[in-house]
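In: Generate a structure from the sequence data that follows.
(2 chains)
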Amino acid sequence: MGHQQHDVYFVPSKSYWPIVAAVSMFVTVFGAAHWLNAQPGQASFGEPLFWVGIAMILGMFFGWFRSVINESLSGSYNGQVDRSFRMGMMWFIFSEVMFFGAFFGALFYARLFAVPWLGGEGHGVLTHQFLWEGYNASWGASGGGGPQKIGGAFQTIPAWGLPLLNTLILLSSGVTITIAHHALKAGHRRTLLIGLGATVLLGCLFLWFQAHEYAEAYEHFNLTLGSGVYGATFFMLTGFHGMHVTLGTIMLAIIWVRCAKGHFSKDDHFGFEAVAWYWHFVDVVWLALFLFVYVL
Amino acid sequence: MAHAATHDHDHHGAPKGFFQRWVMSTNHKDIGTLYLIFSLTMFFIGGAFAMVIRAELFKPGMQLVQPYFFNEMTTMHALVMIFGAIMPSFVGLANWMIPLMVGAPDMALPRMNNLSFWIMPFAFILLLSTLFMPGGGPAGGWTMYPPLSLQGESIAYTIFAVHLMGISSIMGAINIIATILNMRAPGMDLLKMPVFVWSWLITAFLLIAVMPVLAGAVTMLLTDKYFHTNFFNAAGGGDPVLFQHIFWFFGHPEVYIMILPAFGIISEIIPTFARKPIFGYRAMVFAIASIAFLSFIVWAHHMFAVGLPMGAEIFFMYATMLIAVPTGVKVFNWVSTMWGGSMTFETPMLFSIAFVILFTIGGFSGLMLALAPADFQYHDTYFVVAHFHYVLVTGAAFSIMAAAYYWLPKWSGNMYSETWGKIHFWSSVISVNVLFFPQHFLGLAGMPRRIPDYNVAFANFNMISSIGGFWFGASQLIFLGVVIHCVFFSKKKAADRSWEGAKGLEWTVPSPAPFHTFDVPPVIHDDELAHGNTEH
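Out: Have a look, this model is predicted:
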């Protein structure tokens, strides 16, 4: 069925990818759970099982998306399918926002309530006096390790070094992807590929600096995942963000290949837009991170 | 795949092979059926756990099981019933009915729909397998409060199972929203949709908003246990109460995820058997939306006894009591719909009326619990157990049974046995009160929940409650029999409009509903809609 039949519904054919996906996810998490519970030094089938599951998930994504791209290129999808895909992506991003919301919530709670209460503020007077006497409850290097300084003394990453650079990198990547999008709509193929390619490179650059920052934190600042609640919120927030940037960069690279192959037209390029939305989303999350994790 | 797609779009009927039809499905009716069968299976597994609990509590003293196993049973009973029985059955009903109700050929994203379903059996294999592992299953309660829940190895499996269920729920909810917003037939305006569809639109929003928060909470548990983080460890600057905040920020909207679709179902059934349009359609829709909004600002009423600041206690107390207003609107509107109607009392209607009465009892005990100073007394007693079983069993579960009786003729093409349906109803409604009503008294007298042994002073009411429990459990076997009989053996064919007073698009298609419906968008006649003519 072609593009002209817009008011006839489209229902996709049956597919084995969903069951492959469900089995792959099961294998992955079953392996992961076994691996986590393995005694140190003891062989566990969990670890190989986990990697098998990951490989299955990657294969599943490749196969599922290939079939969807082929269907799209063969003109099977109409305007209604396009709108369903758009809604799906928008609500998926909203769910991601809420996922980060849980970790930001933990950060705010720890900073505004948990740590000050341990220091005797509000109704924490007696807790402080009898359990944690002498604890200097300030955020960051002095109090963020908690009353028992779990993880040992540490230093925090200064906001105006690498994090500022990374902010500028991500903001620029938001500009380059917008240039690419305008070029796509205007039919300027060369600008499109350069703009999108620049976005991919900026994403990689961000990740490289982020990895550098982590190495610095572990090696020189003694700031680790175990550095009290500060380390926990710092690494979980920036870590999940980094995972999303990694995913976004991979998606951008795939979209670059698809652009190079000429998959998108100026009216019909949902794949491009979905990835662009996702990229803007990781951008906005970073701004929140920069402000609340690094600056304040 | 590409060529298959273009040729497969011919809508000739169900695929022949079993694997092709049921495992590779993109058909909302088949996937809905899978969801319903899965949730019924889970209902019996979770019910078996409940039977173990009631058997142990039949008499004071340790009778049958070890305390740790008892705790595994309470934990697993809750997880299985909430995530395995109630939620998937509502998703199954949504799958079956929403496309039929809004005049769509299928769900908006049919393959993702199939994935949402197939994650669920694997998630529960993962969860239930822990019962057979050395060290046993999770036993720290379904709320997984640290530090208790972090003892033992099963927590990793539980957390990953919760992640899988969350992914499934989010994808299911995205699908439902896209279906409702994008797939409605021309003329099916938002404010002409059946209340069931409205209730699911709002429920789906709640699911997308809070399931990721639960995923975040359990991820923090995972890293606290295995990766040395200190989110919930006071010595490291964290706070175990933080988990409770994040968990209940998910948990309270979750409560409404399990009851809003029930409101929708009841709002479909009562007008049919009262032969009157629903009273106050718009008020019903706005009430659901208000309840959904309020559900985000009441979570700490689950934590009144944890040591919150006074300001928080007061805020959450009053915000919680506000929920009584839109809920009251709904109850009064159901009663007003029945008022002056020419009512008949087929099984779906009986379950619906029981829902209105018994859910309201659960609502009132909820209001009592909303009072922070009173909650100090009731907290973690059997009064709470009685409260949430009134809203979840005689609320959510009864609405699902009502829906099953109401739509079984449409699904199977056969009428169920009205006699056995009524026997099931009366047996259930009497036994469920024998089961749960005495638990109010136990709770007020101070019996704590999640305890395998108790003071002899509580012996009589516990024995009554256990008898009610076994009776209620056995009654559900009647339900199983009625469903199997209806689907496979019933000789009585159902009419397209299976109920005399039934309105709405789903009754305009044949019974059983053909494999593909509404290939071409149907024409909507306003007087055919369940809530009458909505022109104002």
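In: Beyond the worst-scoring helix or strand of chain B on mean pLDDT, next helix or strand please.
Out: Here the helix or strand of chain B ranked lowest by mean pLDDT, DSSP states H and E is helix B:2-7, holding a mean of 36. Beyond helix B:2-7 on the C-terminal side, the first helix or strand identified by DSSP states H and E is helix B:18-22.
In: Can you mark which positions in that next one are buried?
Out: Of all the residues in helix B:18-22, those buried under the rule 16 or more other C-beta atoms under 10 Å in any protein chain shown are B:Trp22. For glycine as for every other residue, the C-beta is placed from the backbone atoms N, C-alpha and C.
In: just for the stretch 51-200 of chain A, where's the confidence low?
Out: Across the stretch 51-200 of chain A, nothing is flagged by pLDDT under 70.
In: Secondary structure element holding the residue in it that chain B sits nearest to?
Out: In the stretch 51-200 of chain A, the residue found nearest to chain B is A:Ala102; the distance is 2.7 Å by C-beta to the nearest C-beta. A:Ala102 is part of helix A:79-109 when elements are defined by DSSP H and E.
In: mind listing what's buried in that helix?
Out: Those would be A:80-81, A:83-89, A:91-92, A:94-107, A:109, for helix A:79-109 by 16+ other C-beta under 10 Å.
In: Chain A - how does it break down into domains?
Out: A:1-77, A:78-295 (automatic domain parsing).
In: got a list of what A:Phe264 touches?
Out: A:184, A:258, A:271-272 (C-beta atoms under 8 Å, 6 or more residues apart in numbering or on different chains).
In: Just checking the longest helix seen in chain B against chain A, any contact.
Out: Looking across chain B with DSSP state H, the single longest helix is helix B:195-226. Yes: for helix B:195-226, a contact with chain A is found by C-beta under 8 Å from any C-beta of the partner chain, at B:208-213, B:215-217, B:219-220, B:222-224, B:226.
In: one step back: I'd like the domains of chain A as JSON lines, with distance to B:Ala78 appended.
Out: What follows is the domains of chain A, written out as JSON lines (distance: least, C-beta to C-beta, whole Å):
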{"stretch": "domain A:1-77", "distance to B:Ala78": "20"}
{"stretch": "domain A:78-295", "distance to B:Ala78": "21"}
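In: Nearest to B:Ile176, out of those?
Out: domain A:78-295 (10.0 Å; C-beta to C-beta).
In: Now the terminal residues of that closest one, how far apart.
Out: When the termini of domain A:78-295 are compared using C-alpha to C-alpha, to the nearest Å, they are 47 Å apart.
In: Also stretch A:108-116?
Out: 12 Å.
In: next one: it to chain centre, how far?
Out: How far stretch A:108-116 lies from its chain's middle: 25 Å, per C-alpha atoms, centre = their mean, to the nearest Å.
In: what comes up buried for it?
Out: For stretch A:108-116, by 16+ other C-beta under 10 Å, it's A:109-111, A:113-116.
In: Quick one: neighbours of B:Met62, just the number.
Out: 12 (other C-beta atoms under 10 Å in any protein chain shown).
In: circling back to that earlier point, need the contact list for the residue of the stretch 51-200 of chain A closest to chain B.
Out: If you count contacts by C-beta under 8 Å, 6+ apart, then A:Ala102 has B:212-213, B:215-217, B:220, B:246, B:249 around it.
In: Skipping adjacent residues, who's closest to it in space?
Out: B:Gly216 (2.7 Å; C-beta to C-beta, 6 or more residues apart in numbering or on different chains).
In: The one you found and B:Phe247 touch, don't they?
Out: No: using C-beta atoms under 8 Å as the test, B:Gly216 is too far from B:Phe247 to be in contact (10.0 Å).
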